[in-house]
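J.: below are the sequence and a predicted model; questions follow.
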Amino acid sequence: MTVRPVLSIGHPTLRVVASEVPIEDIASPPLQALIDDLIETMRHANGAGLAATQVDERVRIAVMEVGDNPRYPYKPRIPLTVAINPIIEPLDDELVEINEGCLSVPLRGNVQRHVNVRVRYLDRNGVAHDEIKRGLTAGTWQHECDHLDGVLFIDKVADTSTLATWDQFEQHHRAGFVERITKFVQRVGS
Ligand code: NI
């Protein structure tokens, strides 16, 4: 396993629509090695998720995991998930404003996300999953699936006055966001 460099906004690969992974390729050693690298890189960077495009691989694979993450103490846990060729669809019109960051963008900002989504994907064993995700976990899925279409969260920041560096977020915005989102997490449950 290798910790790969994470591309920063401006790199062209972050803007491509990634290619579907052929099912017959999932078991191949190079693809399994890429998945291991994504997991290692995500954990090394303390990220909640990482898409293959962020390590310059133009394939539709994302990994997610939220444990006891000091970057996101308010976030519900997400078990280690490998999503290959994920398809995401909103279940209704309910939206929540989430303050997001990204390992490829040096800013945080507020983005509207669907609260309830259906996700279909293959795991690293090629097993098909069809699941409902809610709340902040649904937001993480939307953020990672956007990466596979060349979309960054910053594209969806409607109110650019919410943009902040990590330092400024910590100083001026974190407490208010955590208070608001903690109530939301308590209500939605995930
Ligand atoms: Ni990201």
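T.: Happy to help now that I have it.

J.: from here on, just use CA atoms for contacts and neighbour counts.
T.: Will do.

J.: most distant residue from the centre of the chain?
T.: Taking Cα atoms, centre = their mean, the residue of the chain most remote from its mean C-alpha position is Glu24, at 25.4 Å.

J.: quick check, central residue of this structure?
T.: Centroid-nearest residue in the chain, with Cα atoms, centre = their mean: Glu144, separated by 3.4 Å.

J.: quick one: residues contacting Val117.
T.: Residues in contact with Val117, defined by Cα atoms under 8 Å, 6 or more residues apart in numbering, are Ile88, Glu89, Pro90, Leu91, Asp92, Ile132, Lys133, Arg134, Ala138.

J.: any idea how far the helix or strand where Glu131 lies is from the chain center?
T.: Using DSSP states H and E, Glu131 sits in strand 128-134. Relative to the chain's own centre, strand 128-134 is displaced by 15 Å; criterion: Cα atoms, centre = their mean, to the nearest Å.

J.: next secondary structure after that strand?
T.: That would be, after strand 128-134 and using DSSP H and E, helix 135-148.

J.: and Val96, which helix or strand is it part of?
T.: Assigned by DSSP H and E, Val96 belongs to strand 95-102.

J.: by contact count, what packs against that strand?
T.: Applying 3 or more Cα pairs under 8 Å, 6 or more residues apart in numbering; DSSP states H and E, one finds that strand 95-102 contacts strand 105-114, helix 135-148.

J.: could you point out which element follows the last one?
T.: Beyond helix 135-148 on the C-terminal side, the first helix or strand identified by DSSP H and E is strand 164-165.

J.: report the buried residues of stretch 30-50.
T.: Going by neighbour count (16 or more other Cα atoms under 10 Å), the buried part of stretch 30-50 is 31, 34-43, 46-50.

J.: ok, now which ones touch the residue nearest to the centre of the chain?
T.: By Cα under 8 Å, 6+ apart, Glu144 lies in contact with Gly49, Leu50, Ala51, Ala62.

J.: how about stretch 146-162: buried residues?
T.: Asp146, His147, Leu148, Asp149, Gly150, Val151, Leu152, Phe153, Ile154, Val157.
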